[in-house]
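Undergrad: I need the structure of the sequence given here:
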Amino acid sequence: MSEKREQNFRRNGALEALLSQINTDLQPSEYRLVSQYQEKAMQRPLILVMGPLRSGTTLFMQWLANTGISSYPTNLLSRFYQAPIIGAKIQLLLTDPRFNFRDELEEFTKLSEYKSENGKTQGVLAPNEFWYFWRRFLSDPSRDVWTNEELRQSLDVTAMKAELNGIMDVFQKPFAAKGMLFNYNIPFLDSIFEKVLFVQIKRDPIANVASVLEARKRQLGSEAAWYSFKIPEYKQLKYLDPITQASGQVHYINKAVDKGADSVDESRKIIVQYEAFCADPEYYYNQLIQKLGILGTAYPGTKEFTLSRTDIKNARKIEKALQRYL
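TA: Predicted coordinates:
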């Protein structure tokens, strides 16, 4: 897929090669650390952000990062995708104020800014999508679509849980990450994690579809080019016009997340309406800490966010296309 991307979004081959080498070098030590967590139950909850592409998941992760109530995959940690427990310790060494010595590494401590481009953030401590980490545990990392039963039979659950447990132990906080690679597999995820909180992001569908179309053009040069993970309905959407196709993409993902979340206990899920979140993030902060059992924590974040999309191109066409799926 990388060869189809616009220049600014193409992968850095030299970086990929160096990261592969470093992670391979670190793996023997990582395996020893993982073995220490394989028999341990999760002491802290995993927070998984679910929902369609371009629904506000990156803003939510940036906001969550700046509240400080959970750890999360940073751009630094993501570079250690095959050795994340070691990576978490290196991140503490470089960025945690407790290990500061005369501001030698001051530039590493900057918090996440509310800027991103197609989910990509800038800064050492800015949230990263962490897809390399999740795909490691799949028997075929190139596949996007899995049934719950296929994951149950093939996903290396023990190693994945041990590494997540290890990361949370290093940071001494819950760990939050985007889980949209598994939007269609919420019941499976709910069954394997002792402590998990699903955050379902919903956005006005018309604005969501418009954002998908713009992201396609920005990253792949065309509104007609499929952007983000394939979904089970990909074949039936593949040859439709861009607006109808993107409308179906958003519709079916929302439908899958709704269906999966229906099977999850209320104590293990939160629905975040993007527009309401932008108007009053503190409301969702209070919901979040209540679900996580974090008491007596005053809201430290911004009062509101400005909605990024108020004048929507082709709004009527998108509305009509969405009605096709109702």
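Undergrad: drop to CA atoms for contacts and neighbour counts, all remaining ones
TA: Will do.
Undergrad: show me where the protein has strands.
TA: Secondary structure of the chain (DSSP state E): strands at 46-50, 175-178, 196-202, 269-273.
Undergrad: What number of residues are in the vicinity of the residue nearest to Leu292 when sequence neighbours are not counted?
TA: Residue nearest to Leu292 in three dimensions, not counting chain neighbours: Pro45, with 7.3 Å by CA to CA, 6 or more residues apart in numbering. If you count neighbours by other CA atoms under 10 Å, Pro45 ends up with 23.
Undergrad: Just the CA atoms of stretch 290-300, as CSV, please.
TA: Extracted C-alpha coordinates of stretch 290-300, given in CSV (Å, rounded to 0.1, in the frame of the first residue of the first chain):
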residue,chain,number,x,y,z
GLN,A,290,-15.7,6.6,37.4
LYS,A,291,-15.5,3.5,35.2
LEU,A,292,-11.8,3.2,35.9
GLY,A,293,-12.3,3.5,39.6
ILE,A,294,-10.0,6.5,39.9
LEU,A,295,-11.5,8.8,42.6
GLY,A,296,-10.7,12.3,43.8
THR,A,297,-9.0,13.4,40.6
ALA,A,298,-9.9,16.9,39.4
TYR,A,299,-10.2,17.5,35.7
PRO,A,300,-6.9,18.8,34.4
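Undergrad: Show residues contacting it.
TA: Residues from elsewhere that reach stretch 290-300 (CA atoms under 8 Å, 6 or more residues apart in numbering): 45, 67, 197, 267-268, 282, 285-286, 289.
Undergrad: These in helices, which ones?
TA: 67, 282, 285-286, 289 (DSSP state H).
Undergrad: and the residue sitting furthest away from the middle of the chain, what pLDDT?
TA: Within the chain, the residue lying farthest from the chain centre (CA atoms, centre = their mean) is Arg102, at 34.2 Å. Listed pLDDT for Arg102 reads 76.
Undergrad: Reformat the strands of the chain as CSV; add mean neighbour count.
TA: As requested, the strands of the chain are exported to CSV (neighbours: other CA atoms under 10 Å):
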stretch, mean neighbour count
strand 46-50, 24
strand 175-178, 24
strand 196-202, 24
strand 269-273, 19
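Undergrad: so which of those strands gets nearest Ile22?
TA: Nearest to Ile22, of all these, is strand 175-178, at 23.1 Å by CA to CA.
Undergrad: biggest helix in the chain, by residue count?
TA: Counting residues, the longest helix found in the chain (DSSP H) is helix 13-37.
Undergrad: quick one: low-confidence parts of the stretch 51-200 of the chain?
TA: 109-112, 118-119 (pLDDT under 70).
Undergrad: picking up where we left off before, show me what the longest helix of the chain is packed against.
TA: Applying 3 or more CA pairs under 8 Å, 6 or more residues apart in numbering; DSSP states H and E, one finds that helix 13-37 contacts helix 84-95, helix 157-171.
Undergrad: what's in contact with the last one?
TA: Residues from elsewhere that reach helix 157-171, judged by CA under 8 Å, 6+ apart: 33-35, 37-38, 40-44, 71, 84-85, 88-89, 92, 137, 174-175, 192-193.
Undergrad: And for stretch 147-156?
TA: 137-139, 184-185, 187-188.
Undergrad: now do stretch 71-90
TA: Identification of contacts with stretch 71-90 by CA under 8 Å, 6+ apart yields 19, 23-24, 26-27, 30, 33, 65, 91, 121-130, 132-133, 136, 163, 166-168, 170-171, 173-177.
Undergrad: just stretch 17-28 next, same as before
TA: Contacts of stretch 17-28 (CA under 8 Å, 6+ apart): 79-83, 86.
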